[in-house]
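Visitor: Sequence and predicted structure below; questions after.
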Amino acid sequence: MNAYTHSARFYDFLYRGKDYAGETRVLIDLVQAHSRRTPQTLLDVACGTGAHLVFLQQHFTCAGLDVEPGLLEVARQKLPQVPLFTGDMRDFDLGQTFDVLTCLFSAIGYMETDVDLRRALAAMARHVAPGGLLVVEPWFSPGQFVNGHIHAMLVEEPDLKIARMSVSRVEGRLSILDMHHLVATPDGVEHFSEQHRMGLFTHEDYLEAVAAAGLESVYNEQGLTGRGLYLGIKPAAPLE
């Protein structure tokens, strides 16, 4: 799952065009509409470099969790007052609950199998307070992902140039993205590659995983970026 081992230090440059502020505004509206308790605390699972948390901390008492230490190192520089934990979304245990849990930017796709998906949803659900809310932004479904898709991204800063190119393929229920990075700094040019393996789950797979985790499901088709959102509401009392 540690797909960003080499690129963590460049992550914010690669995704500087992402509208984290705008996504947070949409998220706040959804939380207020669906939460059955006053939302005060939030855990961002797979928080990466903390780009969403920068804005979420203006509305909640926040914490973050990610499996990649390099991404968390960048996040800690931005968020010195926010607790950040290293952990796998499939089996983490922080010993506390939160009013809201988020898993955004399709990070749930790093679950490669249905078993992993259900383990992750169950682990997250255990950290949701009664009446609280889990918000999961999905990766592409099997019918949406394009086999053989070629993508290129260019970063141009005065002392940093990055060219990232990838070719995607499908193997069964997995999407595999082979990403090659060419990075130039005043110290020279380096090349490295990373492979991202992401599960292709159906709408029904997500709904079943949310239900198996003991949450009431609500689906928002538009979501934050057009990929949709799965909202899991923790019952205020145990389901009989």
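Guide: Arrived safely, thanks for sending.
Visitor: Off-centre distance for stretch 19-32?
Guide: 14 Å (C-alpha atoms, centre = their mean, to the nearest Å).
Visitor: hey, which helix is longest across this protein?
Guide: Assignment by DSSP state H gives helix 20-34 as the longest helix of the chain.
Visitor: Do you have the strands of this protein handy? List them.
Guide: For the chain, the strands defined by DSSP state E occupy 41-45, 61-66, 84-86, 98-103, 128-136, 150-157, 160-171, 174-185, 188-199, 216-220, 229-233.
Visitor: Summarise which helices and strands the fourth one is packed against.
Guide: To tie it back to what came earlier, the one meant is strand 98-103. strand 41-45, helix 114-126, strand 128-136 (3 or more C-beta pairs under 8 Å, 6 or more residues apart in numbering; DSSP states H and E). Where you see a C-beta, it was placed from the backbone N, CA and C, and this is true even at glycine.
Visitor: do you know which of the ones you listed lies nearest residue 236?
Guide: Closest approach to residue 236 among the helices and strands packed on strand 98-103 is made by strand 128-136 (4.4 Å; C-beta to C-beta).
Visitor: So which bits of that closest one are buried?
Guide: 128-129, 131-136 (16 or more other C-beta atoms under 10 Å).
Visitor: Can you give the contact residues for it?
Guide: Outside strand 128-136, the residues that touch it by C-beta atoms under 8 Å, 6 or more residues apart in numbering are 27, 30-31, 34-37, 39, 41, 97-104, 108, 121, 124-125, 206, 210, 213, 215, 229-237.
Visitor: Dump the C-alpha coordinates for that strand into PDB.
Guide: Provided in PDB are the C-alpha atoms of strand 128-136 (Å, rounded to 0.1, in the frame of the first residue of the first chain):
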ATOM      1  CA  VAL A 128     -17.300   6.600  14.500                       C
ATOM      2  CA  ALA A 129     -19.300   7.900  17.500                       C
ATOM      3  CA  PRO A 130     -23.000   6.900  17.800                       C
ATOM      4  CA  GLY A 131     -24.900   9.200  15.500                       C
ATOM      5  CA  GLY A 132     -21.700  10.200  13.700                       C
ATOM      6  CA  LEU A 133     -20.800   9.900  10.000                       C
ATOM      7  CA  LEU A 134     -18.300   8.100   7.800                       C
ATOM      8  CA  VAL A 135     -17.600   9.700   4.400                       C
ATOM      9  CA  VAL A 136     -15.900   7.700   1.700                       C
END
